[in-house]
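Trainee: build me a model from this:
(chains A and B)
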Amino acid sequence: MLIDFFVNGIYKDEALLAVSGIFALFAGLLNGLIGTGGGVIMLLILYKIYKNDAGAAHAAVTAVTLPMTVLSAALYLYREPAIISAAFPLLPAAAAGGAAGAALLGRAKPKTVSLVFTVMTLAAGTVAVLR
Amino acid sequence: MNIAFAGGLALCFITAVSSGMGTGGGGLLTLYLTLFCGMPQITAQGANLLCFACASTPAAVMNCMRHGTDMRLTAFLSFCGAVGCVLGAVAAPLLPDIALGRIYGVFLLFAGVISLKRYFSF
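Mentor: Okay, here's the model as predicted:
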């Protein structure tokens, strides 16, 4: 069994594993289709797997979505190489921001940041739907 | 450097910090690039993916070291996710920009509601 090969009895709940596999498939589909979203979907199931341990769930979600993001980016670049020239000037800011965010992990209060980005996400979603 | 690009640079940095902290905001850059930099939806999505591949690498490494992430579970979920990625990336260019934009918008609303629910439940 593929599931046995990968997880080898660490998680006895095979139904939960199967469901998490379906969530991961859907998260990847969204990541490939709209270039974002894998993390939100994966958090839904990882909170269940890690029994609401936010630290462990967030750690797992970054580990799971990074390969999805890299693969999706590679597939987009393969189809449209011009993306690299559009993204290139932004990459140093992204790398510096990612490193700063990782350094702030555990030091800053993420709850306020999370609320700010939640409001921004809702506003952006409304604009994207209505435009 | 024009104002739209400077704004994109600032937004990229801010959302990358948030992404590194695991507090979301990863999809906001796509909307900015389409609205203010005139990029087609699919190009903006690709640029967003490249930026967040850079931004989330340090966070993934630090998170895994700090929390001892289960690599076998990660490998299983990444494998399933990779299959989805291929399907999504193949389907994306087949859809018109406007449809992709609408799906993206509906997803942002969904993500916002989920985050809001989580914010008030902890």
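Trainee: isn't A:Leu46 up against A:Ala57?
Mentor: Yes. When contacts are counted by Cβ atoms under 8 Å, A:Leu46 is listed as touching A:Ala57 (4.2 Å). C-beta: built from backbone N, CA, C; applies to glycine.
Trainee: pick out whichever of the two has more residues nearby.
Mentor: The residue with more neighbours, out of A:Leu46 and A:Ala57, is A:Leu46; 25 against 21, by other Cβ atoms under 10 Å in any protein chain shown.
Trainee: quick one: residues contacting that one.
Mentor: By Cβ atoms under 8 Å, 6 or more residues apart in numbering or on different chains, the contact set of A:Leu46 is A:20, A:56-57, A:60-61, A:64.
Trainee: next: A:Ser20.
Mentor: Contact criterion Cβ under 8 Å, 6+ apart gives A:45-46, A:49, B:77 as the residues in contact with A:Ser20.
Trainee: from the chain's centroid, how far away is stretch A:114-131?
Mentor: Stretch A:114-131 has its C-alpha centroid displaced from the chain centroid by 18 Å (Cα atoms, centre = their mean, to the nearest Å).
Trainee: center of chain A - which residue?
Mentor: Within chain A, one residue has its C-alpha closest to the average C-alpha position: by Cα atoms, centre = their mean, that is A:Gly39, at 2.5 Å.
Trainee: what's the farthest-apart pair in the contacts of A:Leu46?
Mentor: Largest separation among these by Cβ to Cβ: A:Ser20 and A:Ala56, giving 14.0 Å.
Trainee: would you list every one of the helices in chain B?
Mentor: Counting by DSSP state H, chain B has helices at residues B:3-21, B:28-36, B:41-67, B:71-91, B:97-121.
Trainee: could you list every helix and strand in contact with the helix or strand containing A:His58?
Mentor: Assigned by DSSP states H and E, A:His58 belongs to helix A:54-79. When contacts are defined as 3 or more Cβ pairs under 8 Å, 6 or more residues apart in numbering or on different chains; DSSP states H and E, helix A:54-79 packs onto helix A:14-34, helix A:38-49, helix A:83-87, helix B:41-67, helix B:71-91.
Trainee: got the buried residues for it?
Mentor: A:56-73, A:75-77 (16 or more other Cβ atoms under 10 Å in any protein chain shown).
Trainee: relative to chain A, how far out is B:Asn48?
Mentor: 5 Å (Cβ to the nearest Cβ, to the nearest Å).
Trainee: before we move on, what about B:Ile3?
Mentor: Here the criterion is Cβ to the nearest Cβ. By it, B:Ile3 lies 14 Å from chain A.
Trainee: tell me the contacts of residue 28?
Mentor: As the question left the chain open, I've gone with chain A. With the criterion set at Cβ under 8 Å, 6+ apart, A:Gly28 makes contact with A:38, A:68, A:72, B:80-88.
Trainee: my question was about chain B, not that one.
Mentor: Residues near B:Leu28 by Cβ under 8 Å, 6+ apart: A:117, A:120-121, A:124, B:11, B:15.
Trainee: could you list the low-confidence segments of chain A?
Mentor: Along chain A, segments meeting pLDDT under 70 span A:1-12, A:106, A:108-110.
Trainee: deepest of the helices of chain B, which one?
Mentor: Comparing the helices of chain B by mean neighbour count (mean count of other Cβ atoms under 10 Å in any protein chain shown), helix B:41-67 ranks first with a mean of 25.
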